[in-house]
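quick one, structure for this:
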Amino acid sequence: MKPATKIKIGLVQQKCVEDKAINIAKSLEGIKACVAKGAELVVLQELHTGIYFCQAEDTSMFDLAEPIPGPSYHIFAEAAKEHHIVLITSLFEKRAPGIYHNTAVVFDKDGSMVGKYRKMHIPDDPAYYEKFYFTPGDLGFKPAETSLGKLGVLVCWDQWYPEGARLMALAGAEMLIYPTAIGWESTDAQEEKDRQFGAWQISQRGHAVANGLPVIAVNRVGYEKDWTEVTGGIQFWGQSFVAGPQGEILYQAPVDQEDFAVVEIDKQRTENVRRIWPFFRDRRIDAYGDLGKRYID
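Below is the predicted model:
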């Protein structure tokens, strides 16, 4: 008998507030709702236990970080065990005084940690001052080995880089998963908003096509103010989605609502697609040495 290739994946797209306990309760509610719909794997959004504090540089925000293992870690480990699911979380990790990471933790069905990924690409843009808070990741691009297969978990800004997606795929990832926090600044014109969202989604659909893998992106939703009042805050654009290995959209969440959805993927499609589009076979690995350079002068 062939092993089952179909997996039901839960996407928890939620709003976040200043009260950490409320955010954690909302994440747990989303997990439970997805499990009720048959989810075996549940993905939470980037930094789901708190506000998106990177809108401004404020040293008091480091108080939001926790060690791994720590209080939030144990809450979600228990949730994975209770519901017998594979669970992907996104936590603000305090590694040591002055060293903090944006870290995804993968729990298996028994609540054990089977993967940890520290965000590799760190932005530093207006309202996204992440370099102030996060030390770049040092764990590389290694898929998490779970009871449901190898999961290539990356985080938000990583989704713009084909190199990370490719390295995860070359290491055997069976899907690419991006917990995310991205939205529009209040002064963006509608045309610019459309361009930004289109670029975000098509970049990740491109990773699906180039690697013949499903891609799951789970974004936060709702408005979060800039407490310094320098900017008008961020309207997170939601629209979490799942793309198949030919880039086809299998599901897309609303732009302005919380959403606890479950989407079924079939891992067999990766085999089928890679047979007709053998991009891995045709890669000219003898000619790519310059990819390790910052720029080719």
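
give me phi/psi at residue 169?
phi -60, psi -40 (degrees, to the nearest 10).

before we move on, what about residue 152?
According to degrees, to the nearest 10, residue 152 has phi -90, psi 90.

near it, how many other residues are there?
Other residues lying near residue 152 total 29 when counted by other CB atoms under 10 Å. For glycine as for every other residue, the C-beta is placed from the backbone atoms N, C-alpha and C.

from memory it sits against residue 178, does it?
No. With contact defined as CB atoms under 8 Å, residue 152 does not reach residue 178; the gap is 9.4 Å.

which helix or strand in this structure has the lowest average pLDDT?
Scoring the helices and strands of the chain by mean pLDDT, DSSP states H and E places strand 183-185 at the bottom, with a mean of 93.

show me what that one packs onto, helices and strands only.
strand 234-237 (3 or more CB pairs under 8 Å, 6 or more residues apart in numbering; DSSP states H and E).

what is the mean pLDDT for the strand it packs on?
Here strand 234-237 scores 97 as its mean pLDDT.

switch to numbering from 20
Sounds good: first residue 20 from here, last item strand 253-256.

dump the C-alpha coordinates for that strand into PDB.
Extracted in PDB, the C-alpha atoms of strand 253-256 (Å, rounded to 0.1, in the frame of the first residue of the first chain):
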ATOM      1  CA  ILE A 253       0.400  49.500   8.900                       C
ATOM      2  CA  GLN A 254      -2.700  47.800   7.500                       C
ATOM      3  CA  PHE A 255      -1.700  44.200   7.200                       C
ATOM      4  CA  TRP A 256      -3.100  42.800   4.000                       C
END
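
ok, and the closest non-adjacent residue to residue 252?
residue 244 (4.2 Å; CB to CB, 6 or more residues apart in numbering).

same check, this time on residue 242
residue 254 (5.1 Å).

what's stretch 77-96 in contact with?
With CB atoms under 8 Å, 6 or more residues apart in numbering as the test, stretch 77-96 has contacts from 39, 43, 46-47, 63, 68-69, 72, 106, 108, 110-114, 119, 122, 124, 126, 130-132, 135, 152, 246-247.

may I see the buried residues of that stretch?
Buried positions in stretch 77-96, judged by neighbour count with 16 or more other CB atoms under 10 Å: 80, 83, 84, 85, 87, 91, 92, 95, 96.

and for stretch 126-137?
Here stretch 126-137 shows 126, 127, 128, 130, 132, 133, 134, 135, 136, 137 as buried, counting by 16+ other CB under 10 Å.

show me the contacts for the last one.
Right, the one you point to is residue 137. 112, 120, 121, 122, 123, 154, 155, 156, 157, 158.

before we move on, back to that, can I have the buried ones of the contacts of stretch 77-96 as a PyMOL selection?
The PyMOL selection below is limited to those of the contacts of stretch 77-96 classed as buried (16+ other CB under 10 Å):
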select buried, resi 39+43+46+47+63+68+69+72+106+108+110+111+112+113+119+122+124+126+130+132+135+152
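
what about stretch 140-148, start to end distance?
End-to-end distance for stretch 140-148, by CA to CA, to the nearest Å: 13 Å.

which strands or helices does the longest strand seen in the chain pack on?
Across the chain, the longest stretch assigned as strand under DSSP state E is strand 105-115. With contacts taken as 3+ CB pairs under 8 Å, 6+ apart, strand 105-115 sits against strand 60-63, helix 90-102, strand 118-126, strand 168-172, strand 194-199.

swap the cut-off to 6 Å and go again
Strand 105-115 makes packing contacts with strand 60-63, helix 90-102, strand 118-126 when contacts are defined by 3 or more CB pairs under 6 Å, 6 or more residues apart in numbering; DSSP states H and E.

flag the shaky bits of the stretch 20-169 of the chain, pLDDT-wise.
Scanning the stretch 20-169 of the chain for pLDDT under 70 picks out the ranges 20-22.

only the buried residues of the biggest helix by length in the chain, if you could.
Across the chain, the helix with the greatest residue count (assigned by DSSP state H) is helix 209-230. Neighbour-count burial for helix 209-230, counted by 16+ other CB under 10 Å, picks out 212, 215-216, 219-220, 222-224, 226-230.
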